[in-house]
Each structure stands twice: as structure tokens, then as C-alpha cells.
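> Give me the fold of what follows.
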Amino acid sequence: MEDSTKKKREMETKLLEKVSEVISAIKSAKHVDEVVCALHSLALLLFPLDSSLLSGSVDRRYKEQVLSAKVPSEEKRREWWQAFYQGAAFPTLARFLLLDLASNWLACFPLSARIHVYDVFFVDGLATEVVQTLVPCLRQNATDDHDVNSVHSNTERLLVLCLLENDGVLHMAREFWQSKNSFSERLTPVVSRVAQIIASIPDKARLGAPTSLSSHSFFKQITIQLLSVAEEKDEKLFDNGTLCNRSDMGDALLFVGETFSRICRRGSADVISSEITPRVLRHVRSFLSSNIDSSVADVFESDPGSRFWLKMIEAIKDPYAVERLSEQLLHYLAIEHASDVEAYWFFWLLFHQTFKNQTSVRSMFVDKFLHWKIFPICCLRWILQFAVLECPPDASSLTKGLNIRGLLDTVQRLLAVWSKKEYVQSAPMEQQTYLSAAVGLCLEKMSKKDLDETKDVMHLILQGVSCRLESPNNLVRKMASSVALAFSKVIDPKNPLYLDDSCTGDIIDWEFGMPTLEKRNLDTSISKQKDGHESKTSSSAQEKGFTCTAKNAISNNLKSKNKKLSEFKFVDPDEIIDPATLNNESVSDKDDDDNASENSDSSSDSSLQPYDLSDDDTDLKKKISQLVDVVGALRKSDDADGVERALDVAEKLVRASPDELSHLAGDLARTLVQVRCSDLAVEGEEDSAEDKRQRALVALLATCPLESLNTLNKLLYSPNVDISQRIMILDVMTDAAQELANSKTIKPKHQTGPLISSISESQPWFLPSSRGPAGASSWKEISETETLLNWSTRYERELPSKPGQIRRGKTRRWSLRSSNIQESQIEWSHNKFPVYAAAFMLPAMQGFDKKRHGVDLLGRDFIVLGKLIHMLGVCMKCASMHPEASSLAPLLLDLLRSREVCHHKEAYVRRAVLFTASCILVALHPSNVASSLVEGNLELSIGLEWVRTFALQVIESDTDRECYTMAMTCLQLHSEMALQATRALESAETTFKAKGVGLPSNLSKGTIKIPHSIVEL
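Have a look, this model is predicted:
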């Protein structure tokens, strides 16, 4: 032993002397051939070189020196090689080759000389020592002695050549295996350090480095090399003695685990999973197809080719790396469309040992993957099968194993979270969907006997179902219906409980109709390619999305129908209308019926056929033609036909605007709200009756706003109406505000002209102008014979025909005023809503936070609160760019920023707040904002600053995805409004300076910040 150590030291000393001679010769060389010969003399001692390959690369003066060099024996060369790479000789020479020679001589080397006397020291060397020498040169700093660019490019070339093209990482694994006989705790840090160096190469490479050194490509090649160890199936590499326990684990497997851990830490676990998944799945499928009768587990454990996979995950010591790798394996296995049986044995082969021996891995599957992560439903089934049931499934369905106790414990833990109302309010929708599916899949594997053994499971299920059925979100209610159906099948499989029409059949869709992973990714990629809409378009899109969500708030028989109102013809208020014509049958039809009856009577005298005396109910129905009759019919709750006929004509009578409408508006509004259409309508036609009632109320509000609003605002917080009626009132107010904002009225255009006009023509002032087409005759006075008192004089003249014109008259008349209003004298008046904005908004805003008998908007009735805030936002939008918007905005902002509203537990209310805040930003005119700041009105500026900070808080912390999207849009609208207000303020400042007037001193107190900018108003 001492002799071998002494001999080794002597060889290392000789090699150091030889290296010093070579370095000295290269430094004193005047020609590149001298450098080649010096390196050749050293390389010949270490590698089996063919000197004839260099004869063509050097001059004739040095050819004989190369060919005549002495070649050592193979055994001697092996000893020199080990002493060279395991001692200090290689690091000394490598540093000189990588820095000095690469800067001065390498560019002059012929290709064959570079390969055989330069690259050979790295390519055929000890891979673990080579990589530890090469990688530090990637960060070599600039000095006067070395060309940094040459050093970096040469080092990157050698790394690609050694590690990728010549499978250097695979050689390292073999080198670590060969050192297993001398294994000690001293070698473990070396393995970890080498793995760390390899994983850091993409981070240290330059921007212009070869693409093969990029993170994805490099880690992919490294993973392929490390996984090729398993395909070799070398029993010598992983023998039974090596794998029997943890302390004797092979260094090669330890190196694989350390390298995978470093790669996962750098965010490339998907690269490893993409290579592991097809290999292991192919391995599993081959055994499942060939071993039908025997035990699959025994076959895997006895197969030499499976031993690498059985120990691979155990070799990864980093829990974070194991978790990230496991997640990616689940996703890639779903992409491969593996069956339940294949997926189970896939995870058994990789995780069976660690799942039994390591608590962290069990917790990862049972807790993290079920409670915190989100996977496709097929992955959820695989997790439950492997980690909860712990048994192989059937070929077609998920089956229950022997671990009943583990299943029951898992169900109780899942239900403890799923049943909480706070979880329904705060958890993201994807997380709620995933947890609901986990609960349902577990329930499908339970029996009535298993259910009796659990504690509080029935109570927790009922609690979770009830709180979800109260949600305005249809998807949340669908989760409750699906879980209730699965639970009812456990109680009584023959009598399933269907709470939703979509839950039909024996198989429950635990994806709840949501898009699959592939479709979701496709939709995301398509949405990224689309351009962003304008601010107003975004606001209207928010309104549509909010309205769609709000429509699900009422029960199926009392759905809110927010339909677009049809356009109505303009009614002349002076027109005389026969109320009978408003019914379904006209007066002429009535006369025809009378004539028909007379003819029938006359014919019956001469006929012997018996007359049918059966009464026709339609003839006996009283025609409703007055608003008083409508109110009376609606109050008779026992007369369903009368209520139906009253609803049929109510809208038409209201839009006719009779004289008594202003006196009956309050009673009619109250009666329409209180009538129970669902109880009186024919089965299947409840929605039609509700629609008629709602359209009648909208017409009433649009035609007679003030009187109707007085009644509806009182009913809104009255204890005598239920939640569906409150929601209907708010929907009606929303639709009426939009109708008033979109209405058009005709009025004469106000035209001003000079009171005194100068006439340059020679004709008298009272005659019309003589201007006209060529050939026109002179004006003639026309005498009036219809009346003795003529207050105006008329004149006429003949005009020539235009080319191609068909002459229809002989004269054209002219008078002081035309009998018909010309088109140019008509003006269209838009948006009648602003004058009624205060009547719509202020009474509804008053007392919203008070808890009354049957009214609790901040608590139980959060759906009504969300609808109220949405209605106020629509009203602000309808008053856009009008002075009323600036007056009402501070009051509405004060309501929104109350803590009970803006920080409400329900995402439905927070969405309404963001929508209304966006409507306020759209409604305010920038000049009005600037005027408020100039006048010292700090309420508006404080409210607008709150909008910005609230939107930022939602973006940073809100778990609801729709709230996040709406907050981003709100922030964009705020920045645009602040920019426009800034310009208006600068314009006002310029005007004041031009007039010598200064801005108020308190202007700086009001600030409106633009996000991601230093600009403040």
C-alpha cells in the first residue's frame, strides 16, 4: 500500500515537471508547429495517439520529431493517465490551455492538430475533473494578458464537445459508480458539487453562446444521458447489494438524483418529466401486456431493468424537486392519455418505495395534491387511486381498495374544508371545482356502511351543499348538485337526488362542463393574440359579464329577464286613440262579429238545424281598455285569466300615456311588483308572464319616472317584499335608465337670424328674392278667396324644368311660413335620463347598510346588494358627460369605499364595485374633474384616488379571476381619465396665466395618480 502511494506521488511529480517543460516550450515558441510538437509530446504519454495523423499538419522540419516520438506501453499509459487527472498536473495544464494558449495560439492550429493534441486533453480525460476546470472559465474577467472573447468561445465549444457530443455526463455517472468500492462520506460533497456545476452552465453561458447551451436544450440532453443509464440494464451498475439499503446506494444513482434536483430548482422540471414519462410508460405497458396472470408488483421488483426506476425518486433528496417533478409527471401522463391501470403502475414504479418510507411524499400526495394544487380530473383519479385507495384499479373504472380507513379519513379532511362558507366566498373557482370533484370521486367509492362509520360527514355535506345553492354563480350551484347526487347514491342508489337538470344519467361530469386542459391552453394562446379593446368597449363587456352572472341569482321559476327593449314608434300626444284598439281584437273585428251574428240569426229562422247554445269563454271575457281596469284586475289574485289579460295590455296602455297615468302610476307600480306571476300563470309559461310584468314596469318608469320611482324606492327596502321582488325592482330600474338614456324626441330647431336684413336688390322689400334658376319668371301675387282676412300675401312664379325631370306641376308657391316642417328644422334630442338620475340613485343609496326586518343587504341578501351597486353603475353610465354625473359621483364613491362593501366576502359584490367604479370613470368628463380640483372640491379627488388604490389591492391579493380582470380594466380607465384631466388642467392653467390670474393655492391638496407614472394631478 505504501509502495503504491509512493509510486503514485513520484509519477505526479514527473508529470508536473513534464507539464512545466511543455508550458515553457509553448511560451518560448516562435511558430505554431513548435506548440503542436510540445503538446504532442505530453499527449503521447496519456492517450493512444496515431502520430501519422499529425504529419500533414506540421512543417517537414517538425514531422520527423513527431513520428519518432517514443510511445509508452498501454499499462504504463493508463498509470500516467490516472496520475495526471487525479493529481495537480491536469488543473495546471488546463488553466494554461484555456487561458494563454486559447488567446495566443489556438486560432492558428490546424483542425487535425486541434483535435489530437488540444481537445484530447478534455474529451478523453476524467469527465468529473474536466467539467470542474472548464465551467469556471465561463466567468473569466477581462485582463490585459488574455482575450476574453476567445477564452469564452473556446470554453463553450469544449463544453458542447465534452458534455453533449461525447456524452460526458453519462461518463461521469460511470466514473462515480467505479468509485463505489471506496465510498465514503467524503465523496458525497463531490457528487453534489459536480451536479451543481453542471446545472449552472446555462446560467453562466453568454448571450451569444451556442443554442445547445440554452437552458431547455442543455437540460434535455443531460436528462437523456442520465436516463440512458436505466436502459443499459447493467446489473453491475445497480446490483442487489447496492440497492438493498440507503447507506449503500450507488454513487451513480446519487449523482442522477442530485442533478435532477438542481435542474428542478432551476424551473426545468418539465424537461425531465417530458423524457421520463414516455420511457416509464413504455416500460409499464410492456409488462402489462406480457404479464397478465402473474403479480405485476413482483415482476417489477425482480426485473433488473426496473431497478433504476424503483430507486430514482428516492435518490432525489430535495422535497421541492420531488414535488415539482411529480406535478409535471401528472400533467405529461395526462397528455399521453394513459389509462387508469397504466397510470397506477406508473406511479407505483416511481413512488412506491418513497411513499411507504417518507412522510413528506405521503403528505404531498394526500394533502398538497388534493387541497392546494389543481390538476385535470384524470390526474385527480390517479392520485386517489394510488395514494388513498392504494390498490390497482380495474381496466375501466376507479375501484376501491382495502384501505377503507384511509379513504374515510381523506373524505373527512376534504369535507372539513369544502363545507365552509368562507371557502366558497374566497377560494378561486378552479380550486373549488377541483376540491368538489375530489369529494365526489371519494363519495362514489363509499358505501352506506362506510358512511355510518364516519363522523359528521352527512352534516358537512349538507352544510356545503346548502351554502353553494345560495350562490348566484351557476357553476357553484352545479357543484352542490353533483355532490348531492353522489351522496344520495350512497344513501339510496335506487333513488338518486337530482337538484339540477344537467345532472342526468349514472355518470357525473366532475369537470362541470369546464374546458379541458388542452382546450384551455388553446383558448389562452388565441386570446393572447387578440388586441385589447377600447376603454368603453371594455366597460360594456364588464357590464355584460356582470349581468350574465347576476341572472343566475334567482330561482328557476323567478328568473330575471334583462332583455333589450324593443324600439317603439314615436307617439303624437295630440293623437286621439281609441282604447279598444289596444286589445287583441279591433273595433272592426267587433263589427264583423255583430254582422256575423245577425246573419246567423236570420239564417236560423229558415233552418231546421239546432242552434249551438254552448257559451264561448272568449266572448264572455271583459275587454280591458283602461289603466284603472288593469290595476283592478291585477289585484284579483283569484282570477288568473284576468291577471293574464291585464298583463297583456299593461305595457301598451302605459306607453299610450293617457291623462290618468300620472295619478295611477304609483298604484300600478305597486300592484305590478306585488302580483305573483308564478302562482297565476299556466305551467310552463311563468317566464312569459314575468317578462310581460317586467316590460310593463320598464314602460311605466320610462313614461312616468318620478311618480313610479317614489313607489318603487319605498318597496325596495320594504319588509313586505321578498328577495326576488327586490331584484326585479333593481332590474327594472336598470332597464328603464338605459331606455331613457337611449330615447329620442323631436323638437323644432332653434334658429337665430339677424333682426334687420339689408336688401341689395332694387325690388321692394316685401317681395321674395329674385334669385333662382335661369329662365324663371317673375313673381306674381296670388289673391286668396278662402277668407276675408288675409294676414299674409302669397306669391308664385314658374320655374323651368331640369334636364330629364318629369314635370308634375306648373307652379311653385312661396309664403312666409311653410305648412310642413322641413327636415332641416327638426332636431333630435338624446338622453332624457340625466334629469332623473338623482331620483333613480339617491333614494336607493339611502339606508342600504341598515339591517331591517327581512332586509340584510350587507349579510344574507348580498345578491341584492350586488344588483343595487350594479344598477347605480348603469345609472352613472347613462348620465355620462353630463353635469349630474359630477354631482352624484362623490356620493356613489363614498358608498363604494365603505369597508363593508368594497371588502365584502362575496366576489359577486366585489365585481359589482369594480364595475360601478369603471362606470364612474367613464361617466366623468375630464374638464369637470379639473374644475373640481381648481375649485378645491377634494371629495371627488379623494374618491378617484381610492379607485386607483382599491384596483391595485384587488390585482395583488384578490383570488377571484374575474375581479382581477375587471380591476385591470378599471386601472386602465383611471389612467386614461387622469391623463385627460391633466391636459384639461394644463389648458386651464395656460388660460389663467394669459389673463394674469393664478390658480387656487389649495389645488395641490387634491391628487389623482396615474398608475406606473410619476404624474400627479
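> Same question for stretch 86-97: list its buried residues.
87, 89, 90, 93, 94, 96, 97 (16 or more other C-beta atoms under 10 Å). C-beta here means a position set from N, CA and C on the backbone, and glycine is covered the same way.
> okay if I get the residues you listed as TSV plus secondary structure and pLDDT?
TSV is the format used below for these (DSSP: H, G, I helix; E, B strand; the rest coil; pLDDT from 0 to 100):
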residue	secondary structure	pLDDT
87	coil	87
89	helix	90
90	helix	91
93	helix	92
94	helix	91
96	helix	91
97	helix	91
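> and of the residues you listed, the nearest to residue 25?
residue 96 (11.5 Å; C-beta to C-beta).
> which one is the closest one nearest to, not counting chain neighbours?
residue 23 (5.3 Å; C-beta to C-beta, 6 or more residues apart in numbering).
> Same check on residue 831?
Across the structure, with C-beta to C-beta, 6+ apart as the measure, the residue nearest residue 831 apart from its sequence neighbours is residue 741 (5.0 Å).
> which SS class is residue 121?
With DSSP: H, G, I helix; E, B strand; the rest coil as the basis, the three-state label of residue 121 is helix.
> which residues sit in contact with it?
Each residue near residue 121 by C-beta atoms under 8 Å, 6 or more residues apart in numbering is listed here: 43, 46, 90, 93, 94, 97.
> Kindly report the same for residue 72.
Listed by C-beta under 8 Å, 6+ apart, the contact set of residue 72 reads 44, 45, 80.
> for residue 223, same thing?
Under the contact definition (C-beta under 8 Å, 6+ apart), the residues listed for residue 223 are 260, 263, 271, 272, 275, 276.
> Now secondary structure and distance to residue 712 too, for these, in CSV please.
Putting the contacts of residue 223 into CSV (DSSP: H, G, I helix; E, B strand; the rest coil; distance: C-beta to C-beta, whole Å) gives the following:
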residue, secondary structure, distance to residue 712
260, helix, 68
263, helix, 66
271, helix, 63
272, helix, 64
275, helix, 67
276, helix, 66
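> Among these, find me the one that's closest to residue 967.
The shortest gap between residue 967 and any of the contacts of residue 223 belongs to residue 271, at 34.9 Å (C-beta to C-beta).
> if you skip the residues just before and after it, what's nearest to that closest one?
residue 219 (4.7 Å).
> how many other residues sit next to that neighbour?
Using other C-beta atoms under 10 Å, residue 219 has 27 other residues around it.
> can you count the residues close to the residue nearest to residue 831?
Residue 741 has 19 neighbours, counted by other C-beta under 10 Å.
> Distance of it relative to residue 732?
Residue 741 sits 15 Å away from residue 732, going by C-beta to C-beta, to the nearest Å.
> Mean confidence (pLDDT) on the strand or helix carrying residue 872, please.
Here residue 872 sits within helix 862-878, counting by DSSP states H and E. Helix 862-878 carries an average pLDDT of 92.
> can you give me how far it is from the chain middle?
24 Å (C-alpha atoms, centre = their mean, to the nearest Å).
> Only the C-alpha atoms, please, for it, written as CSV.
The C-alpha trace of helix 862-878 is given here as CSV (Å, rounded to 0.1, in the frame of the first residue of the first chain):
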residue,chain,number,x,y,z
PHE,A,862,-75.7,40.1,-0.7
ILE,A,863,-77.2,39.3,-4.2
VAL,A,864,-79.5,42.3,-3.8
LEU,A,865,-76.5,44.5,-2.7
GLY,A,866,-74.6,43.4,-5.8
LYS,A,867,-77.6,44.2,-8.0
LEU,A,868,-78.1,47.6,-6.3
ILE,A,869,-74.4,48.6,-6.9
HIS,A,870,-74.7,47.4,-10.5
MET,A,871,-77.8,49.5,-11.0
LEU,A,872,-76.1,52.5,-9.7
GLY,A,873,-73.2,51.9,-12.0
VAL,A,874,-75.5,51.7,-15.0
CYS,A,875,-77.2,55.0,-13.9
MET,A,876,-73.8,56.7,-13.8
LYS,A,877,-73.0,55.4,-17.3
CYS,A,878,-76.3,56.7,-18.6
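> Start from the N-terminal end of the stretch 351-500 of the chain and give the helices.
Per DSSP state H, counting those that start in this stretch, the stretch 351-500 of the chain has helices spanning 359-363, 377-383, 404-418, 421-426, 429-444, 448-452, 457-469, 474-491. These are given in chain order.
> Could you work out which of those reaches nearest to residue 834?
helix 474-491 (35.5 Å).
> got the contact list for that closest one?
For helix 474-491, using C-beta under 8 Å, 6+ apart, the contacting residues are 424, 429, 432-433, 436, 439-440, 443-444, 446-448, 451, 458, 461, 464-466, 468-469, 471, 495-500, 502-503, 508-510, 512-514, 552.
> can you do 7 Å?
Applying C-beta atoms under 7 Å, 6 or more residues apart in numbering, the set of residues contacting helix 474-491 from outside is 424, 429, 432-433, 436, 439-440, 443-444, 446-448, 451, 461, 465, 468-469, 471, 496-500, 502-503, 508, 510, 512, 552.
> What of stretch 377-397?
By C-beta under 7 Å, 6+ apart, the list of residues contacting stretch 377-397 from outside reads 330, 334, 340-341, 343-345, 347-348, 365-366, 369-370, 398-403, 406-407, 410, 434, 437-438, 441-442, 510-511.
> just to revisit the earlier point, so the residue nearest to residue 831: helix, strand or coil?
When the structure is split into helix, strand and coil by three-state DSSP, residue 741 lands in helix.
> Do you know the pLDDT at it?
In this model, residue 741 carries a pLDDT of 89.
> these two touch, right, it and residue 836?
No. Applying C-beta atoms under 7 Å, one finds residue 741 not in contact with residue 836, separated by 10.0 Å.
> about what we covered before: and the strand or helix carrying the residue nearest to residue 96, what's its mean pLDDT?
Using DSSP H and E, residue 23 sits within helix 2-27. Helix 2-27 carries an average pLDDT of 84.
> Any idea how far the next helix or strand after that helix is from the middle of the chain?
Next helix or strand after helix 2-27 toward the C-terminus (DSSP H and E): helix 32-46. Its chain's C-alpha centre and that of helix 32-46 lie 64 Å apart, by C-alpha atoms, centre = their mean.
> and the angle from the next helix or strand after helix 32-46 to helix 32-46?
Tracing the chain C-terminally past helix 32-46 and defining elements by DSSP H and E, one meets helix 60-67 next. An angle of 0 degrees separates the directions of helix 60-67 and helix 32-46 when computed by axes from the mean of the first three to the mean of the last three C-alpha atoms, to 10 degrees.
> wait, doesn't residue 677 sit right on residue 688?
No. Counting by C-beta under 7 Å, residue 677 sits too far from residue 688 to count as a contact (8.9 Å).
> re earlier: as CSV, the helices of the stretch 351-500 of the chain with mean pLDDT and distance to residue 716 would be great.
Compiled in CSV, those are given as follows (pLDDT from 0 to 100; distance: least, C-beta to C-beta, whole Å):
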stretch, mean pLDDT, distance to residue 716
helix 359-363, 93, 52
helix 377-383, 94, 43
helix 404-418, 90, 35
helix 421-426, 88, 25
helix 429-444, 92, 30
helix 448-452, 85, 45
helix 457-469, 91, 25
helix 474-491, 90, 25
